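S.K.: I need the structure of the sequence given here:
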Amino acid sequence: MEPDKAPLRLEAYFIENISMETNPQFDPTVDEYEGHISVEPEILMRKTDDGVRQLVLRVRYVPKPDSEGGLPYSIDVTGRGFFSFPDPDLPEEQRFQMLIFNGASILFGLLRAEVAHITALGAAGSMLLPTVNLTQCLADWVQAQGHQANHSTARNR
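M.R.: Numbers count the residues shown, from 1 in each chain. Modelled structure (predicted):
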């Protein structure tokens, strides 16, 4: 496939928010980091559909509550990517699927690099976000959204 024929293009991205907090209980002698990572997507489109979609991706990586100092920092980063679809006839369902999986993978990789860059200035040195199965992360997020909706509905009755 020719590069100009790619069905999904990243036009631009930026970091909307990034925070790093040092974990005072971090033990630098641990063999592996132990943390919980969550990935929360949001897809936005303009009212006048020009084929560009925004993907907002929030990634949080925090120490596990029962872990004994296995993560040097708590991270919360939100990025926004602007993606286009050169084929104007591409069905909306395919656009959604490409954006949520391919777009999220692209944006996650960019956010991962920024976290490594920012944490390099921290007391414990550079930390990479772990590689993740985005399909599972997104499925977990969807399930959590349904669970929260059920609880809020029950409370509002």
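S.K.: ranges for the helices of the chain?
M.R.: 92-97, 104-119, 134-156 (DSSP state H).
S.K.: low-confidence regions, the protein specifically.
M.R.: 1-4, 68-69, 146-157 (pLDDT under 70).
S.K.: what does the top strand by length along it rub up against?
M.R.: Ranked by residue count under DSSP state E, the longest strand found in the chain is strand 9-22. Contacts with strand 9-22, where a contact means CB atoms under 8 Å, 6 or more residues apart in numbering, come from 52, 56, 72-86, 103, 106-107, 110-111, 114-115, 118-119, 122-124. Just so you know, the C-beta spots here come from the backbone N, C-alpha and C atoms, and that holds for glycine as well.
S.K.: at 6 Å instead, please
M.R.: With CB atoms under 6 Å, 6 or more residues apart in numbering as the test, strand 9-22 has contacts from 73-84, 106, 110, 114, 118-119, 123.
S.K.: thinking again about what came up before, the helices of the chain: which one's closest to G35?
M.R.: Evaluated over the helices of the chain, closeness to G35 peaks at helix 104-119, with 12.1 Å, by CB to CB.
S.K.: could I get the buried residue list for that closest one?
M.R.: By 16 or more other CB atoms under 10 Å, the buried positions in helix 104-119 come out as A104, I106, L107, F108, L111, R112, V115, I118, T119.
S.K.: tell me the contacts of the fifth one?
M.R.: Translated: L111. L111 touches V59, V77, G79, counting by CB under 6 Å, 6+ apart.
S.K.: now, which of those sits nearest D140?
M.R.: Closest approach to D140 among the contacts of L111 (CB to CB): V59, at 12.9 Å.
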